[in-house]
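*Asks:* Okay, here's the prediction I keep looking at, along with the sequence it came from:
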Amino acid sequence: MKRRDFLITAGASFFAGGVSSLGLSAIGAPISSTTNLKLQHTNFLFREQPTNKLVSLSQNAPPPVIYGLQDQPMKLNVINGLDEYTAMHWHGLRIPNKMDGVPYLTQLPIAGGETFNYEFTPPDAGTYWYHPHCMTMTQMVSGLTGVMVIKEKIECGFNSEEIINLRDFRLNNSDQLKQPYTLRGAARAGTFGNVMTANWLKSPVYNHQAGSLVRLRLANTDTTRIYSLYLTSTEGQIIAWDGHPTEHQILMPTEKQPLLLGPGQRVDIACKMPPLEGQTINIIAKVRANKKLMASLLSIGQDQKRSLKELKPLPKNPVTEPDLKNAKTHEIIFGWSPEGTEPNNGFCGSLGKTFWSINRTPWPGDNSENTSPVATLKLGNSYLLRLRNSSPNLHPIHLHGLVFKPLRSNKRKVLPNWTDTFLLLKNEVVDIALVADNPGDWAFHCHVIEHQKTGLSGYIRVV
Ligand code: C2O
Ligand code: CU
Ligand code: CU
(Lines give C-alpha, C1' and ligand atoms only; values in the text may rest on other atoms or scores of the structure.)
(Ligands and ions follow the chains in the order given, each with its own letter.)
Protein backbone atom coordinates (compact mmCIF):
# COMPACT_ATOMS: atom_id res chain seq x y z
CA MET A 1 0.00 0.00 0.00
CA LYS A 2 1.47 3.34 -0.99
CA ARG A 3 0.07 5.26 1.92
CA ARG A 4 2.58 8.08 1.57
CA ASP A 5 1.64 8.75 -2.06
CA PHE A 6 -1.99 8.78 -1.33
CA LEU A 7 -1.82 11.09 1.64
CA ILE A 8 -0.11 13.68 -0.51
CA THR A 9 -2.79 13.38 -3.18
CA ALA A 10 -5.59 13.57 -0.68
CA GLY A 11 -4.02 16.54 1.01
CA ALA A 12 -3.46 18.33 -2.26
CA SER A 13 -6.97 17.96 -3.59
CA PHE A 14 -8.37 18.71 -0.18
CA PHE A 15 -6.75 22.10 -0.19
CA ALA A 16 -7.05 22.78 -3.89
CA GLY A 17 -10.75 21.94 -3.96
CA GLY A 18 -11.67 24.22 -1.13
CA VAL A 19 -15.25 23.04 -1.21
CA SER A 20 -14.71 19.47 -0.10
CA SER A 21 -15.26 19.09 3.58
CA LEU A 22 -14.03 15.56 3.89
CA GLY A 23 -11.25 13.46 2.50
CA LEU A 24 -10.47 9.84 3.02
CA SER A 25 -7.00 8.45 2.71
CA ALA A 26 -7.87 5.11 1.18
CA ILE A 27 -6.47 4.42 -2.25
CA GLY A 28 -8.71 5.80 -4.90
CA ALA A 29 -11.36 7.02 -2.47
CA PRO A 30 -13.00 10.19 -3.65
CA ILE A 31 -12.87 13.38 -1.65
CA SER A 32 -16.42 14.25 -0.82
CA SER A 33 -18.56 15.19 2.12
CA THR A 34 -20.12 11.73 2.30
CA THR A 35 -18.06 8.66 2.90
CA ASN A 36 -18.93 5.01 3.27
CA LEU A 37 -16.96 3.10 5.84
CA LYS A 38 -17.44 -0.61 5.53
CA LEU A 39 -16.27 -2.90 8.31
CA GLN A 40 -14.62 -5.94 6.79
CA HIS A 41 -12.18 -8.68 7.54
CA THR A 42 -8.78 -8.42 5.96
CA ASN A 43 -5.26 -9.82 6.01
CA PHE A 44 -2.06 -7.92 6.52
CA LEU A 45 1.60 -8.83 6.46
CA PHE A 46 3.20 -7.80 9.76
CA ARG A 47 5.85 -10.51 9.84
CA GLU A 48 6.57 -13.60 7.71
CA GLN A 49 3.04 -14.86 7.20
CA PRO A 50 -0.07 -12.81 6.56
CA THR A 51 -2.16 -12.23 9.67
CA ASN A 52 -5.78 -13.16 8.96
CA LYS A 53 -9.08 -12.02 10.43
CA LEU A 54 -8.06 -8.44 11.03
CA VAL A 55 -10.84 -5.86 11.01
CA SER A 56 -10.45 -2.75 8.89
CA LEU A 57 -12.39 -0.55 6.48
CA SER A 58 -10.48 -1.57 3.38
CA GLN A 59 -8.58 -4.57 2.09
CA ASN A 60 -4.98 -5.17 3.11
CA ALA A 61 -4.70 -1.75 4.68
CA PRO A 62 -5.23 -0.15 8.06
CA PRO A 63 -8.33 1.96 8.70
CA PRO A 64 -7.86 5.19 6.73
CA VAL A 65 -7.28 8.65 8.12
CA ILE A 66 -10.60 10.47 7.92
CA TYR A 67 -10.39 14.19 7.20
CA GLY A 68 -12.95 16.79 8.07
CA LEU A 69 -12.99 20.54 8.29
CA GLN A 70 -13.94 22.48 11.41
CA ASP A 71 -17.59 23.63 11.29
CA GLN A 72 -18.29 21.67 8.08
CA PRO A 73 -20.87 18.87 8.14
CA MET A 74 -19.59 15.33 7.76
CA LYS A 75 -21.57 12.27 6.79
CA LEU A 76 -20.04 8.91 7.59
CA ASN A 77 -22.07 5.88 6.65
CA VAL A 78 -20.86 2.97 8.70
CA ILE A 79 -21.72 -0.26 6.92
CA ASN A 80 -21.36 -3.34 9.05
CA GLY A 81 -19.92 -5.99 6.77
CA LEU A 82 -19.17 -8.33 9.69
CA ASP A 83 -21.49 -10.88 11.19
CA GLU A 84 -21.36 -9.38 14.65
CA TYR A 85 -22.63 -6.12 16.16
CA THR A 86 -20.80 -2.82 16.02
CA ALA A 87 -21.20 0.95 16.62
CA MET A 88 -18.65 3.62 15.74
CA HIS A 89 -17.39 6.25 18.14
CA TRP A 90 -15.59 9.47 17.17
CA HIS A 91 -13.22 9.93 20.07
CA GLY A 92 -12.83 13.52 21.27
CA LEU A 93 -15.40 15.13 19.01
CA ARG A 94 -17.92 17.32 20.84
CA ILE A 95 -20.90 16.34 18.74
CA PRO A 96 -24.56 15.58 19.53
CA ASN A 97 -25.06 12.59 21.82
CA LYS A 98 -27.05 10.63 19.22
CA MET A 99 -23.98 10.50 16.96
CA ASP A 100 -21.55 9.38 19.67
CA GLY A 101 -21.69 5.68 18.80
CA VAL A 102 -22.10 4.08 22.22
CA PRO A 103 -24.35 1.00 22.15
CA TYR A 104 -27.54 1.30 24.21
CA LEU A 105 -26.43 4.61 25.72
CA THR A 106 -26.75 6.59 22.47
CA GLN A 107 -27.91 4.13 19.81
CA LEU A 108 -28.73 0.49 19.23
CA PRO A 109 -25.86 -1.67 18.03
CA ILE A 110 -25.54 -1.95 14.27
CA ALA A 111 -26.20 -5.56 13.28
CA GLY A 112 -24.31 -7.35 10.51
CA GLY A 113 -25.48 -6.10 7.13
CA GLU A 114 -26.93 -2.91 8.58
CA THR A 115 -25.78 0.67 8.03
CA PHE A 116 -25.83 3.60 10.42
CA ASN A 117 -25.43 7.09 9.02
CA TYR A 118 -23.44 9.31 11.32
CA GLU A 119 -23.90 12.98 10.60
CA PHE A 120 -22.29 15.75 12.55
CA THR A 121 -20.40 19.01 12.33
CA PRO A 122 -17.18 19.00 14.31
CA PRO A 123 -16.91 22.23 16.30
CA ASP A 124 -13.22 21.78 17.05
CA ALA A 125 -10.17 21.36 14.86
CA GLY A 126 -7.42 18.93 15.81
CA THR A 127 -6.28 15.33 15.93
CA TYR A 128 -9.01 12.88 16.92
CA TRP A 129 -9.63 9.22 16.26
CA TYR A 130 -12.34 6.63 15.81
CA HIS A 131 -13.00 3.11 16.97
CA PRO A 132 -15.95 0.82 17.57
CA HIS A 133 -17.63 1.15 20.97
CA CYS A 134 -19.43 -2.18 20.68
CA MET A 135 -17.32 -5.37 20.58
CA THR A 136 -14.51 -3.05 21.61
CA MET A 137 -12.19 -5.86 22.64
CA THR A 138 -12.61 -7.99 19.53
CA GLN A 139 -12.77 -5.30 16.89
CA MET A 140 -10.20 -2.84 18.24
CA VAL A 141 -7.65 -5.53 19.02
CA SER A 142 -8.15 -6.85 15.48
CA GLY A 143 -7.15 -3.51 14.00
CA LEU A 144 -10.15 -1.21 13.86
CA THR A 145 -8.68 2.03 15.24
CA GLY A 146 -8.11 4.99 12.93
CA VAL A 147 -7.09 8.62 13.09
CA MET A 148 -9.42 11.49 12.32
CA VAL A 149 -8.06 14.90 11.40
CA ILE A 150 -10.27 17.96 11.62
CA LYS A 151 -8.52 20.76 9.78
CA GLU A 152 -8.45 24.34 10.97
CA LYS A 153 -10.05 26.96 8.77
CA ILE A 154 -6.71 28.67 8.34
CA GLU A 155 -3.31 27.49 7.18
CA CYS A 156 -0.67 27.65 9.89
CA GLY A 157 2.33 27.44 7.61
CA PHE A 158 3.46 23.82 7.63
CA ASN A 159 5.07 22.32 4.54
CA SER A 160 3.55 18.92 5.20
CA GLU A 161 2.16 16.67 7.88
CA GLU A 162 2.61 13.12 9.08
CA ILE A 163 0.03 11.07 10.91
CA ILE A 164 1.21 8.25 13.10
CA ASN A 165 -1.24 5.75 14.51
CA LEU A 166 0.59 3.84 17.24
CA ARG A 167 -0.67 0.45 18.20
CA ASP A 168 0.34 -3.09 18.97
CA PHE A 169 -0.76 -6.45 17.68
CA ARG A 170 -0.59 -9.65 19.66
CA LEU A 171 0.56 -12.40 17.33
CA ASN A 172 1.41 -16.05 17.92
CA ASN A 173 4.26 -17.99 16.28
CA SER A 174 2.31 -18.44 13.07
CA ASP A 175 1.63 -14.68 12.98
CA GLN A 176 -2.06 -15.03 13.79
CA LEU A 177 -3.92 -12.95 16.37
CA LYS A 178 -3.71 -14.44 19.83
CA GLN A 179 -6.53 -14.29 22.33
CA PRO A 180 -6.92 -10.54 22.82
CA TYR A 181 -6.78 -10.50 26.61
CA THR A 182 -5.82 -12.51 29.64
CA LEU A 183 -7.69 -12.41 32.92
CA ARG A 184 -4.39 -11.74 34.64
CA GLY A 185 -3.87 -8.69 32.43
CA ALA A 186 -7.44 -7.50 32.79
CA ALA A 187 -7.05 -7.45 36.57
CA ARG A 188 -3.73 -5.59 36.37
CA ALA A 189 -2.10 -3.38 33.74
CA GLY A 190 -3.68 -5.07 30.72
CA THR A 191 -2.39 -7.56 28.17
CA PHE A 192 0.27 -6.22 25.84
CA GLY A 193 0.84 -6.87 22.17
CA ASN A 194 4.19 -8.13 20.90
CA VAL A 195 4.36 -6.33 17.54
CA MET A 196 4.51 -2.56 17.97
CA THR A 197 3.48 -0.65 14.86
CA ALA A 198 3.08 2.82 13.41
CA ASN A 199 0.30 2.84 10.79
CA TRP A 200 0.46 -0.99 11.00
CA LEU A 201 4.08 -0.86 9.82
CA LYS A 202 7.28 -1.66 11.63
CA SER A 203 9.47 1.45 11.75
CA PRO A 204 8.21 3.13 8.55
CA VAL A 205 10.28 5.96 7.06
CA TYR A 206 8.45 9.04 5.78
CA ASN A 207 10.14 11.54 3.49
CA HIS A 208 9.89 15.26 4.07
CA GLN A 209 11.83 18.16 2.58
CA ALA A 210 15.05 18.99 4.39
CA GLY A 211 14.69 22.06 6.60
CA SER A 212 10.91 22.12 6.20
CA LEU A 213 8.21 22.30 8.88
CA VAL A 214 6.21 19.14 9.49
CA ARG A 215 3.14 18.77 11.64
CA LEU A 216 3.45 15.42 13.34
CA ARG A 217 0.20 14.02 14.67
CA LEU A 218 0.76 11.11 17.02
CA ALA A 219 -2.18 9.07 18.25
CA ASN A 220 -2.02 6.18 20.69
CA THR A 221 -4.90 3.95 19.62
CA ASP A 222 -3.66 0.87 21.42
CA THR A 223 -5.98 -1.00 23.76
CA THR A 224 -3.37 -1.31 26.52
CA ARG A 225 0.06 0.23 26.09
CA ILE A 226 1.02 3.56 27.58
CA TYR A 227 3.62 4.80 25.13
CA SER A 228 6.71 6.45 26.54
CA LEU A 229 7.92 8.56 23.63
CA TYR A 230 10.61 10.95 22.55
CA LEU A 231 12.05 12.30 19.32
CA THR A 232 15.74 12.32 18.47
CA SER A 233 15.43 16.01 17.62
CA THR A 234 14.40 18.73 20.01
CA GLU A 235 13.92 21.25 17.22
CA GLY A 236 10.21 21.26 17.62
CA GLN A 237 7.31 22.31 19.73
CA ILE A 238 4.26 20.59 21.12
CA ILE A 239 1.35 22.56 19.69
CA ALA A 240 -1.72 20.52 20.59
CA TRP A 241 -2.79 17.92 23.12
CA ASP A 242 -5.81 15.67 22.58
CA GLY A 243 -6.74 17.80 19.60
CA HIS A 244 -6.73 21.17 21.35
CA PRO A 245 -4.02 23.82 20.97
CA THR A 246 -1.90 23.85 24.13
CA GLU A 247 -2.29 27.03 26.18
CA HIS A 248 0.36 25.93 28.67
CA GLN A 249 3.54 24.73 27.12
CA ILE A 250 4.41 21.06 27.32
CA LEU A 251 8.16 20.61 26.93
CA MET A 252 9.51 18.60 24.04
CA PRO A 253 10.15 15.06 25.25
CA THR A 254 13.70 13.79 25.57
CA GLU A 255 15.21 10.40 26.19
CA LYS A 256 15.50 11.29 29.87
CA GLN A 257 12.03 12.78 30.07
CA PRO A 258 9.85 10.97 27.59
CA LEU A 259 6.23 11.87 27.03
CA LEU A 260 3.63 9.46 28.38
CA LEU A 261 0.88 8.98 25.83
CA GLY A 262 -1.86 6.75 27.18
CA PRO A 263 -4.39 4.80 25.10
CA GLY A 264 -6.71 7.34 23.50
CA GLN A 265 -4.38 10.33 23.80
CA ARG A 266 -2.92 12.38 20.94
CA VAL A 267 -0.19 14.94 20.60
CA ASP A 268 0.66 17.32 17.74
CA ILE A 269 4.28 18.35 17.37
CA ALA A 270 5.64 21.01 15.04
CA CYS A 271 8.96 19.60 13.82
CA LYS A 272 11.72 21.26 11.91
CA MET A 273 13.33 18.74 9.56
CA PRO A 274 17.13 18.46 9.70
CA PRO A 275 18.88 20.55 7.01
CA LEU A 276 20.83 17.79 5.28
CA GLU A 277 19.44 15.17 2.97
CA GLY A 278 19.55 11.76 4.63
CA GLN A 279 19.23 13.03 8.18
CA THR A 280 16.29 11.78 10.20
CA ILE A 281 14.07 12.54 13.15
CA ASN A 282 13.35 9.27 14.88
CA ILE A 283 10.27 8.63 16.95
CA ILE A 284 11.35 6.32 19.75
CA ALA A 285 9.30 4.42 22.28
CA LYS A 286 10.98 3.35 25.48
CA VAL A 287 9.94 -0.10 26.57
CA ARG A 288 11.62 -0.77 29.91
CA ALA A 289 15.34 -0.75 29.15
CA ASN A 290 14.83 -0.98 25.39
CA LYS A 291 14.34 1.61 22.73
CA LYS A 292 12.01 0.86 19.92
CA LEU A 293 12.13 2.83 16.67
CA MET A 294 8.46 3.45 15.89
CA ALA A 295 8.86 5.60 12.77
CA SER A 296 11.18 8.16 11.28
CA LEU A 297 11.00 11.30 9.22
CA LEU A 298 13.73 11.47 6.58
CA SER A 299 15.05 14.72 5.12
CA ILE A 300 15.17 14.76 1.34
CA GLY A 301 16.14 17.39 -1.23
CA GLN A 302 17.36 20.92 -0.67
CA ASP A 303 17.30 22.70 2.65
CA GLN A 304 14.09 24.73 2.82
CA LYS A 305 15.57 26.83 5.64
CA ARG A 306 12.24 27.22 7.41
CA SER A 307 12.00 28.39 11.00
CA LEU A 308 9.48 27.32 13.66
CA LYS A 309 8.89 31.02 14.30
CA GLU A 310 7.21 31.31 10.91
CA LEU A 311 4.28 29.20 12.07
CA LYS A 312 1.03 30.89 12.97
CA PRO A 313 -0.31 29.73 16.32
CA LEU A 314 -3.20 27.28 16.05
CA PRO A 315 -6.50 29.07 16.53
CA LYS A 316 -8.22 28.22 19.82
CA ASN A 317 -11.19 25.90 19.71
CA PRO A 318 -14.50 27.31 21.00
CA VAL A 319 -14.35 25.69 24.44
CA THR A 320 -15.94 27.53 27.37
CA GLU A 321 -13.83 28.26 30.46
CA PRO A 322 -15.26 26.76 33.63
CA ASP A 323 -16.42 29.18 36.30
CA LEU A 324 -14.41 27.75 39.19
CA LYS A 325 -16.00 29.95 41.85
CA ASN A 326 -19.40 28.46 41.20
CA ALA A 327 -18.30 24.93 40.36
CA LYS A 328 -19.87 22.11 42.32
CA THR A 329 -17.58 19.17 43.18
CA HIS A 330 -18.15 15.47 42.55
CA GLU A 331 -15.69 12.91 43.80
CA ILE A 332 -15.19 9.86 41.63
CA ILE A 333 -13.24 6.78 42.70
CA PHE A 334 -11.67 4.34 40.27
CA GLY A 335 -10.69 1.02 41.73
CA TRP A 336 -11.52 -2.58 42.48
CA SER A 337 -15.00 -3.96 42.28
CA PRO A 338 -16.61 -5.29 45.44
CA GLU A 339 -16.18 -9.04 46.11
CA GLY A 340 -18.55 -11.32 44.34
CA THR A 341 -19.67 -8.85 41.66
CA GLU A 342 -21.33 -10.76 38.84
CA PRO A 343 -19.78 -10.33 35.39
CA ASN A 344 -21.83 -8.09 33.14
CA ASN A 345 -22.13 -7.19 29.53
CA GLY A 346 -19.89 -4.23 28.81
CA PHE A 347 -20.37 -2.60 25.41
CA CYS A 348 -21.62 -5.73 23.63
CA GLY A 349 -20.28 -8.84 25.29
CA SER A 350 -18.53 -9.74 28.49
CA LEU A 351 -15.07 -11.02 29.36
CA GLY A 352 -16.77 -13.14 31.99
CA LYS A 353 -15.24 -11.31 34.94
CA THR A 354 -15.59 -8.05 36.80
CA PHE A 355 -12.48 -6.57 38.37
CA TRP A 356 -13.01 -2.81 38.28
CA SER A 357 -15.51 -0.17 39.23
CA ILE A 358 -16.31 3.52 39.35
CA ASN A 359 -17.45 4.62 42.83
CA ARG A 360 -17.44 0.91 43.73
CA THR A 361 -20.13 0.27 41.13
CA PRO A 362 -19.00 -1.75 38.14
CA TRP A 363 -20.73 -1.13 34.82
CA PRO A 364 -24.04 -2.86 35.49
CA GLY A 365 -24.55 -4.09 31.93
CA ASP A 366 -25.40 -2.39 28.67
CA ASN A 367 -29.11 -2.84 28.87
CA SER A 368 -29.53 -2.74 32.59
CA GLU A 369 -32.25 -0.79 34.32
CA ASN A 370 -29.77 -0.13 37.12
CA THR A 371 -27.39 1.75 34.92
CA SER A 372 -27.53 5.07 36.73
CA PRO A 373 -25.12 7.89 35.94
CA VAL A 374 -21.90 8.40 37.87
CA ALA A 375 -22.94 12.05 38.16
CA THR A 376 -25.76 14.20 36.85
CA LEU A 377 -24.66 17.64 35.74
CA LYS A 378 -26.82 20.61 34.97
CA LEU A 379 -26.55 21.86 31.42
CA GLY A 380 -24.46 25.01 31.29
CA ASN A 381 -23.01 24.75 34.80
CA SER A 382 -19.36 24.37 35.74
CA TYR A 383 -18.09 21.38 37.69
CA LEU A 384 -15.02 20.16 39.44
CA LEU A 385 -14.54 16.42 39.32
CA ARG A 386 -12.07 14.92 41.79
CA LEU A 387 -10.75 11.76 40.15
CA ARG A 388 -9.24 9.37 42.67
CA ASN A 389 -7.29 6.32 41.58
CA SER A 390 -7.47 3.87 44.43
CA SER A 391 -5.45 1.26 42.58
CA PRO A 392 -1.78 0.68 41.77
CA ASN A 393 -2.52 0.53 38.04
CA LEU A 394 -2.62 3.43 35.60
CA HIS A 395 -5.92 4.37 34.00
CA PRO A 396 -6.39 6.63 30.98
CA ILE A 397 -9.78 8.04 31.97
CA HIS A 398 -11.83 9.25 29.04
CA LEU A 399 -14.98 11.34 28.95
CA HIS A 400 -17.13 11.55 25.83
CA GLY A 401 -18.79 14.67 24.46
CA LEU A 402 -17.09 17.23 26.72
CA VAL A 403 -13.55 18.39 27.30
CA PHE A 404 -11.98 19.21 30.62
CA LYS A 405 -8.98 20.85 32.18
CA PRO A 406 -6.76 19.19 34.78
CA LEU A 407 -6.19 21.67 37.64
CA ARG A 408 -4.00 19.94 40.22
CA SER A 409 -2.73 16.56 41.30
CA ASN A 410 -1.38 15.10 44.53
CA LYS A 411 1.51 13.54 42.58
CA ARG A 412 2.87 16.01 40.06
CA LYS A 413 2.50 19.27 38.29
CA VAL A 414 -0.30 19.07 35.74
CA LEU A 415 -0.91 21.58 32.99
CA PRO A 416 -4.41 22.98 32.47
CA ASN A 417 -4.62 22.15 28.77
CA TRP A 418 -7.98 20.99 27.37
CA THR A 419 -8.18 17.24 27.12
CA ASP A 420 -10.61 14.34 26.77
CA THR A 421 -8.46 11.56 28.26
CA PHE A 422 -6.43 11.91 31.45
CA LEU A 423 -3.78 9.37 32.36
CA LEU A 424 -4.35 8.77 36.06
CA LEU A 425 -1.18 7.52 37.74
CA LYS A 426 -0.92 5.05 40.59
CA ASN A 427 -2.91 6.37 43.58
CA GLU A 428 -3.17 9.78 41.95
CA VAL A 429 -5.91 12.23 42.84
CA VAL A 430 -6.52 14.91 40.26
CA ASP A 431 -9.05 17.70 40.05
CA ILE A 432 -10.46 18.42 36.63
CA ALA A 433 -12.83 21.21 35.65
CA LEU A 434 -15.40 21.41 32.92
CA VAL A 435 -18.51 23.14 31.70
CA ALA A 436 -21.39 20.72 31.18
CA ASP A 437 -22.36 22.29 27.87
CA ASN A 438 -23.33 19.27 25.77
CA PRO A 439 -26.54 17.50 26.77
CA GLY A 440 -26.79 13.72 26.90
CA ASP A 441 -25.49 10.58 28.54
CA TRP A 442 -21.73 10.58 28.00
CA ALA A 443 -19.67 7.44 28.40
CA PHE A 444 -16.93 7.80 30.99
CA HIS A 445 -14.43 4.98 31.22
CA CYS A 446 -10.89 3.72 31.29
CA HIS A 447 -9.38 3.36 27.82
CA VAL A 448 -7.44 0.23 28.72
CA ILE A 449 -10.05 -1.92 27.03
CA GLU A 450 -9.64 -4.83 29.44
CA HIS A 451 -10.48 -2.44 32.29
CA GLN A 452 -13.37 -0.92 30.35
CA LYS A 453 -14.80 -4.38 29.71
CA THR A 454 -14.41 -5.64 33.28
CA GLY A 455 -16.22 -2.85 35.08
CA LEU A 456 -14.32 0.42 34.74
CA SER A 457 -17.09 2.15 32.82
CA GLY A 458 -19.89 4.49 33.57
CA TYR A 459 -21.51 7.58 32.17
CA ILE A 460 -22.10 11.18 33.06
CA ARG A 461 -25.50 12.67 32.43
CA VAL A 462 -25.85 16.29 31.34
CA VAL A 463 -29.41 17.63 31.47
CU1 C2O B 1 -12.23 6.28 22.66
CU2 C2O B 1 -15.45 5.62 24.93
O3 C2O B 1 -13.86 5.90 23.75
CU1 CU C 1 -14.58 8.93 23.23
CU1 CU D 1 -7.84 1.33 33.60
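*Replies:* Sure, I can see it. Ligands and ions are numbered 1, 2, ... in the order given.
*Asks:* Where does residue 83 sit: helix, strand or coil?
*Replies:* Recorded secondary structure, residue 83: coil (DSSP: H, G, I helix; E, B strand; the rest coil).
*Asks:* Look up phi and psi at it.
*Replies:* Backbone geometry at residue 83, expressed as degrees, to the nearest 10, gives phi -110, psi 40.
*Asks:* ok, it to residue 77 distance?
*Replies:* Using Cβ to Cβ, to the nearest Å, we find residue 83 at a distance of 19 Å from residue 77. Backbone N, C-alpha and C define where each C-beta goes, glycine included.
*Asks:* Compare these two and say which is more crowded by neighbours.
*Replies:* With neighbours defined as other Cβ atoms under 10 Å, residue 83 and residue 77 compare such that residue 77 has more, 14 against 9.
*Asks:* if I look at the more buried one, how far off is residue 112?
*Replies:* Residue 77 is 15 Å from residue 112, where distance means Cβ to Cβ.
*Asks:* swap in residue 62?
*Replies:* Counting by Cβ to Cβ, the gap from residue 62 to residue 112 is 22 Å.
*Asks:* Tell me which of those two has more neighbours.
*Replies:* Legend: neighbour count by other Cβ under 10 Å for residue 62 and residue 112, higher for residue 62 (27 against 12).
*Asks:* what number of residues lie near the nearest residue to that one once chain neighbours are set aside?
*Replies:* Among residues not flanking residue 62 along the chain, residue 200 sits closest, at 4.2 Å (Cβ to Cβ, 6 or more residues apart in numbering). Counted with other Cβ under 10 Å, the neighbours of residue 200 add up to 23.
*Asks:* Residue 316: neighbouring residues, count only.
*Replies:* So residue 316, with other Cβ under 10 Å, has 12 neighbours.
*Asks:* do the same with residue 447
*Replies:* 26.
*Asks:* buried set for stretch 424-440?
*Replies:* For stretch 424-440, the neighbour count (16 or more other Cβ atoms under 10 Å) marks 424-425, 428-438, 440 as buried.
*Asks:* does any part of that stretch sit near ligand 3?
*Replies:* No. Judged by Cβ under 5 Å from the ion, stretch 424-440 and ligand 3 are separated, with a smallest distance of 8.0 Å.
*Asks:* tell me how far the ends of that stretch are from each other?
*Replies:* Taking Cα to Cα, to the nearest Å, stretch 424-440 runs 25 Å from one end to the other.
*Asks:* Let me know whether that stretch sits next to ligand 1.
*Replies:* No. If you take Cβ under 6 Å from any ligand atom as the test, stretch 424-440 misses ligand 1, and the best it gets is 13.3 Å.
*Asks:* beta partners of the residue of the stretch 51-200 of the chain found nearest ligand 1?
*Replies:* Going by Cβ to the nearest ligand atom, ligand 1 is nearest to residue 91 of the stretch 51-200 of the chain, at 3.5 Å. With DSSP bridges as the criterion, residue 91 is bridged to residue 129.
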